[in-house]
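Chemist: this is the structure alone, sequence omitted:
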């Protein structure tokens, strides 16, 4: 065919041949995938045999593989390496695929066959087959198979709008991500940043035809290291605020109205399907089952979490006083990051305190009672616990004897680690 998305993938582990896939391959492959899927569905519907697990549930579960391969590959590449051409394709393909699946799940003849097998599920002896039958039946019901014709048409319109708005939301987010850069021209503002992160920022600048500067962006490989290691508080705050305030500036990338539309449409969809809220719809197939159960769990966590937060707030005040002389002002973004995601990092707050283990690059540290310390994830720790020597690499712990010769570094090469671990 000349289209790698429509070929059998003779690749390691059957992964897509990304080196051969081009943007122009996606639309014809997805259209062909939809055509094949429709033919498979028609075959199931037109089968005159008594509905059974094999000729309905299993056949349905195995259908649509070409479409799945093509659209999944498109979605992954669009999320990881998007551009204007991919975004334009997404605006066209996402509603197309959404409408295709609506046509399947709202197909009365197909659902009647699924329901016929579901109604006889107690006669299915294989537990996996029985479970798959229940899952597929529930999937049809949650997609609107039990609605009236008028309600089905309304649901299709809602789904189409949600699909389009979702693409617009993502495109706006990407546009705002790409629009922001932090350009540093003073080497003193790089203090605290590992050499590898500085090099990456310089490479980013050179790629943008700028010399003698370092450029940081809101992409995670640039954002997180900067917020984790940079000494400059004002620049950390600038990066963090830029990240938090994306798509909220009242310009063409503002997502406020889109969010309001999505919220309204999700509520409309939930009510069409018989749920009081979208949260109830979303949780129905999860372990929590209902928003009330989810809130009950959060209520159980609230008091102990609050007590721990108060304790950590006092620790942060002491650290800030030691650094700045001010122990009264701890901004919410600092506190939130300290507890939740380190975007306003523990590293930057407590690097010089007794609670931190943060060796320079190419080194390791030896400590006792390591669980009493904050240890960044890229630091290798050699220590003693319960009388045994160990090396902790990220969350994995390796024990070793006194006679071991240990090679460690802050950014270890896997080959070096394997060589040591084999000894």
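Modeler: Structure received. This one's a predicted model, so the numbers in the text were calculated from it and none came from an experiment.
Chemist: hang on, residue 259 packs against residue 166?
Modeler: No. Taking contact to mean C-beta atoms under 8 Å, the distance of 11.1 Å between residue 259 and residue 166 leaves them out of contact. To be clear about C-beta, it is placed using only N, CA and C from the backbone, and glycine gets the same treatment.
Chemist: helices or strands up against the helix or strand residue 301 falls within?
Modeler: If you go by DSSP states H and E, residue 301 is part of helix 291-324. Packing partners of helix 291-324 (3 or more C-beta pairs under 8 Å, 6 or more residues apart in numbering; DSSP states H and E): helix 278-283, helix 332-339, helix 346-350.
Chemist: and it, how far from the chain's centre?
Modeler: Relative to its chain's centre, helix 291-324 lies at 25 Å (C-alpha atoms, centre = their mean, to the nearest Å).
Chemist: which stretches of this protein have low pLDDT?
Modeler: 1, 323, 327-423 (pLDDT under 70).
Chemist: could you measure from the residue nearest in space to the middle of it over to residue 65?
Modeler: Taking C-alpha atoms, centre = their mean, the centroid of the chain lies closest to residue 79, which sits 10.0 Å from it. Remark: distance between residue 79 and residue 65 (C-beta to C-beta, to the nearest Å) = 21 Å.
Chemist: can you check residue 26 too?
Modeler: From residue 26 across to residue 65, the span is 16 Å (C-beta to C-beta).
Chemist: neighbour count: those two, which is higher?
Modeler: A side-by-side neighbour count of residue 26 and residue 65, using other C-beta atoms under 10 Å, places residue 26 first with 25 against 12.
Chemist: which residue, neighbours along the chain excluded, lies closest to that one?
Modeler: Taking C-beta to C-beta, 6 or more residues apart in numbering, and ignoring the residues beside it in sequence, residue 26 has residue 74 as its nearest neighbour in space, at 4.7 Å.
Chemist: and whichever strand or helix holds residue 74, what other elements does it pack with?
Modeler: The secondary structure element spanning residue 74 is helix 65-80 (assigned by DSSP H and E). With contacts defined as 3+ C-beta pairs under 8 Å, 6+ apart, helix 65-80 has these neighbours: helix 26-46, helix 84-105.
Chemist: the helices in the stretch 51-200 of the chain, which residues?
Modeler: Per DSSP state H, counting those that start in this stretch, the stretch 51-200 of the chain carries helices over the ranges 59-62, 65-80, 84-105, 108-119, 127-142, 149-179, 195-207.
Chemist: please convert the ones you listed to JSON lines, extending it with distance to residue 312.
Modeler: Putting those into JSON lines (distance: least, C-beta to C-beta, whole Å) gives the following:
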{"stretch": "helix 59-62", "distance to residue 312": "48"}
{"stretch": "helix 65-80", "distance to residue 312": "34"}
{"stretch": "helix 84-105", "distance to residue 312": "42"}
{"stretch": "helix 108-119", "distance to residue 312": "51"}
{"stretch": "helix 127-142", "distance to residue 312": "41"}
{"stretch": "helix 149-179", "distance to residue 312": "30"}
{"stretch": "helix 195-207", "distance to residue 312": "27"}
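Chemist: how close does the residue nearest to the centre of the chain sit to residue 108?
Modeler: Distance of residue 79 to residue 108, computed by C-beta to C-beta: 35 Å.
Chemist: again with residue 277
Modeler: The spacing between residue 277 and residue 108, counted by C-beta to C-beta, is 28 Å.
Chemist: over to residue 32?
Modeler: Remark: distance between residue 32 and residue 108 (C-beta to C-beta) = 26 Å.
Chemist: which one's more surrounded, the two?
Modeler: Counted by other C-beta under 10 Å, residue 32 and residue 108 do not tie: residue 32 has more neighbours, with 17 against 10.
Chemist: go ahead and confirm that one touches residue 66.
Modeler: Yes. Taking contact to mean C-beta under 8 Å, the distance of 6.6 Å between residue 32 and residue 66 places them in contact.
Chemist: can you list residues touching both of the two?
Modeler: Contact criterion C-beta atoms under 8 Å, 6 or more residues apart in numbering; residues bridging residue 32 and residue 66 by contacting each: residue 6.
Chemist: now do the contacts for residue 189.
Modeler: Contact criterion C-beta under 8 Å, 6+ apart gives 230, 232, 235 as the residues in contact with residue 189.
Chemist: the second one against residue 187, yeah?
Modeler: No. Because the distance of 11.5 Å does not satisfy C-beta under 8 Å, residue 232 is recorded as not touching residue 187.
Chemist: neighbour-wise, which of these two wins?
Modeler: Here residue 232 and residue 187 are set side by side on neighbour count (other C-beta under 10 Å), and the busier one is residue 232, at 19 against 9.
Chemist: from residue 267, how far out is the more buried one?
Modeler: 44 Å.
Chemist: before we move on, what about residue 190?
Modeler: 48 Å.
Chemist: who has more neighbours out of the two?
Modeler: Neighbour tally, residue 190 and residue 267, criterion other C-beta under 10 Å: the higher count belongs to residue 190, 22 against 17.
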